[in-house]
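> Turn this into a structure:
(one chain, ligands or ions: 1)
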Amino acid sequence: MSRDSIGFTFIVSATLCVVCSILVSGAAVGLRSKQELNKEIERKKNILSVAGLLKPGEGTGNVRKIYEDHVDGIIVDLNTGKVVTDDKELFPHPEEYDQKAAIDNPKMSMQIESSKDLAGIKRRENYSWVYLIHDENGKLTQYVLPVRGKGLWSTMWGFIALETDLTTVAGLTFYEQGETPGLGGEVDNPKWKAQWVGKEVYNKEFQPDIEVIKGSVNPESPNAIHEVDGLSGATITSRGVTHLLDFWLGDLGFKPYLEQVREKEEK
Ligand SMILES: Cc1cc2nc3c(=O)[nH]c(=O)nc-3n(C[C@H](O)[C@H](O)[C@H](O)COP(=O)(O)O)c2cc1C
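As a prediction, this is how the structure comes out:
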């Protein structure tokens, strides 16, 4: 066959396409386990970082070690507040529970009535991870709770860490969000996040009571302990943070679980 013929051109192009697609799909399959591993490390890093256990630039090996030494993941039934990690019928392999995948699984999640959907997430999984943080002596120091909710453009995914009084914030972080950099994207600004430490998210009646206000918090205000400065030019994102915390700290979020922890402590 002549090299200049149409047939030859087709054969060369078809061969090239097949070879390239094999290479690309081979790379995708071959790298999948590495991607999964990176995802897992990233998740651990975010949990350690909200709990204040991660120094900047900590290596991957150290992240694993610090996580193993300080973090215990448990699974909580958000409807009843019960810990179900050891329920072998529900979770034969609890370590494999993929909370994000559960959101879209009708058997593992529920639709939220729009009047109660403060976080704007439409569906809520029935079971959530809660991360218990211990110090080097094994003493429980913090509860890290996964939270998410709508900002202006995106769903913001984060963690809030509470002290053992279940009310004082030890840290807040958003590890995935698509708000405008410099405006709503400032939810990820370390200076803004630092303001959260020491704030109280529940009032005396254990009702969610935390607000990202418009403007700056007046330290003299009796409510200052429940308030955080608004993000300037980003009132909608700021409100989104208030609302998502109201949701996740409320009856459809972690409140039933936290109430049970409180009851146990009081006994
Ligand atoms: C290009 C562009 C991007 C914006 N991004 C955000 C954002 O990420 N979050 C937000 O709350 N508002 C954002 N806004 C502003 C909102 O439209 C709205 O004006 C603002 O939330 C009102 O906040 P303010 O009362 O503090 O000015 C953006 C506006 C423009 C024009």
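> Just give me how far stretch 167-186 sits from the chain centre.
Mean-position distance between stretch 167-186 and its chain equals 11 Å (C-alpha atoms, centre = their mean, to the nearest Å).
> End to end on it, go ahead and measure it.
24 Å (C-alpha to C-alpha, to the nearest Å).
> and it, anywhere near the ligand?
Yes - interface with the ligand: stretch 167-186 contributes 179, 180, 183, 184 (C-beta under 6 Å from any ligand atom). Any C-beta I mention is one placed from the backbone N, CA and C, and that applies to glycine too.
> Show the contacting residues for the second one.
What that stands for is residue 180. 152, 153, 234 (C-beta atoms under 8 Å, 6 or more residues apart in numbering).
> For the ligand, tell me which of these show up nearby.
Within those, those near the ligand by C-beta under 6 Å from any ligand atom are 152, 153, 234.
> Which pLDDT value goes with the second one?
We have a pLDDT of 98 for residue 153.
> SS state for it?
State at residue 153, reduced to three classes by DSSP: H, G, I helix; E, B strand; the rest coil: coil.
> And for it, the neighbour number?
Neighbour count of residue 153, defined by other C-beta atoms under 10 Å: 16.
> who in the chain is up against the ligand?
So the chain meets the ligand at 152, 153, 179, 180, 183, 184, 232, 233, 234, 235, 236, 237 (C-beta under 6 Å from any ligand atom).
> for those residues, which one is nearest residue 10?
Using C-beta to C-beta, residue 153 is the member of the residues of the chain next to the ligand that sits closest to residue 10, with 45.6 Å.
> excluding its backbone neighbours, what's nearest that closest one?
Once flanking residues are discounted, residue 153 sits nearest to residue 178: 5.3 Å by C-beta to C-beta, 6 or more residues apart in numbering.
> now residue 170
residue 161 (4.0 Å).
> who does the one you found bridge with?
residue 144, residue 171 (DSSP bridges).
> how about it, what does it touch?
Applying C-beta under 8 Å, 6+ apart, the residues near residue 161 are 50, 51, 52, 133, 142, 143, 144, 145, 169, 170, 171, 172.
> So which of those wins on neighbours?
In the contacts of residue 161, the most neighbours by other C-beta under 10 Å go to residue 50, 28 neighbours.
> Thanks again, I'm all set now.
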